[in-house]
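Chemist: make a model of this:
(chains A and B)
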Amino acid sequence: DTAVSQTPKYLVTQMGNDKSIKCEQNLGHDTMYWYKQDSKKFLKIMFSYNNKELIINETVPNRFSPKSPDKAHLNLHINSLELGDSAVYFCASSHKDRERNGYTFGSGTRLTVV
Amino acid sequence: AQSVTQLGSHVSVSEGALVLLRCNYSSSVPPYLFWYVQYPNQGLQLLLKYTTGATLVKGINGFEAEFKKSETSFHLTKPSAHMSDAAEYFCAVSLAGKSTFGDGTTLTVKP
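Modeler: Below is the predicted model:
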């Protein structure tokens, strides 16, 4: 059983399109996240949801909109895709005491905007 | 504010040699500390963590790290590198509900 699963694994799309990435976790964790990893492997947090409520929203363009229908799912919708959005996007989850236990990451979605 | 610095963006060792990946942190109080590994085309996987107690912590795949408060360091070591250890390694700190990742160190293992 995959603990944190993301779909699709690869996504190639044209500039200006709208796309979504889905994430699901079966760990019973309270909090879910979206991270962006650029071509230099730098990781940057984008959003964090705790039990369906947004708790972290870093300086991310409002073209990016997370949606959490329940605490096991956190989807990422991106409008009007730009070349600079090309990256690997990771979903992650954690128990509420993530400070002590860390994160469980999905395997990533490689987004390429052409 | 907390921060984490990984010294050396690339480390290359020979198979069987000691692996040493360096991590220093900055925070007002000792944070919780983590090392993650990312194999090619995969997500990050928790290697080990320090929360409280013994300062030398052991993780998966033969890795260990030692928390040194006086040096604000949490270096990752493995006595003998395997080819399968080639990956990206991230140090992370957590404090007051916020987690910060280092920029990563790419470990290359030469035959």
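
Chemist: chain B: strands as residue ranges?
Modeler: B:3-7, B:10-14, B:19-26, B:32-38, B:44-50, B:56-58, B:64-68, B:73-78, B:87-95, B:98-101, B:105-110 (DSSP state E).

Chemist: before we move on, what about chain A?
Modeler: Under DSSP E, chain A gives strands at A:4-7, A:10-13, A:19-25, A:31-37, A:43-50, A:53-57, A:64-70, A:73-78, A:87-94, A:104-105, A:109-113.

Chemist: need the nearest residue in space to the residue of chain B found nearest chain A, chain neighbours excluded.
Modeler: Here chain B gets closest to chain A at one residue, residue B:43, 3.6 Å apart by Cβ to the nearest Cβ. Every C-beta, even on glycine, is put in place using the N, C-alpha and C of the backbone. Among residues not flanking residue B:43 along the chain, residue A:105 sits closest, at 3.6 Å (Cβ to Cβ, 6 or more residues apart in numbering or on different chains).

Chemist: save the strands of chain B as TSV, and put in mean pLDDT, distance to residue A:99 and mean neighbour count too.
Modeler: What follows is the strands of chain B, written out as TSV (pLDDT from 0 to 100; distance: least, Cβ to Cβ, whole Å; neighbours: other Cβ atoms under 10 Å in any protein chain shown):
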stretch	mean pLDDT	distance to residue A:99	mean neighbour count
strand B:3-7	94	14	17
strand B:10-14	97	28	14
strand B:19-26	96	14	18
strand B:32-38	96	5	24
strand B:44-50	95	10	21
strand B:56-58	95	16	14
strand B:64-68	95	15	18
strand B:73-78	97	15	21
strand B:87-95	94	4	23
strand B:98-101	88	8	20
strand B:105-110	97	23	17
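
Chemist: number of nearby residues for residue A:114?
Modeler: Residues lying near residue A:114 (other Cβ atoms under 10 Å in any protein chain shown) number 9.

Chemist: and residue A:60, by the same measure?
Modeler: 16.

Chemist: is it true that it touches residue A:46?
Modeler: Yes. Using Cβ atoms under 8 Å, residue A:60 is in contact with residue A:46, at 4.9 Å.

Chemist: spatially central, which residue of chain B would that be?
Modeler: Centroid-nearest residue in chain B, with Cα atoms, centre = their mean: residue B:35, separated by 3.9 Å.

Chemist: give the contact list for the spatially closest residue to it that is not a sequence neighbour.
Modeler: Excluding the flanking residues, the one nearest residue B:35 by Cβ to Cβ, 6+ apart is residue B:47, at 4.3 Å. Counting by Cβ atoms under 8 Å, 6 or more residues apart in numbering or on different chains, residue B:47 touches B:34, B:35, B:36, B:37, B:59, B:60, B:61, B:63, B:76, B:89.

Chemist: for the closest residue to chain B within chain A, give the beta-bridge partners.
Modeler: Nearest to chain B in chain A, going by Cβ to the nearest Cβ, is residue A:105, at a distance of 3.6 Å. Beta-bridge partners recorded for residue A:105 (DSSP bridges): residue A:92.
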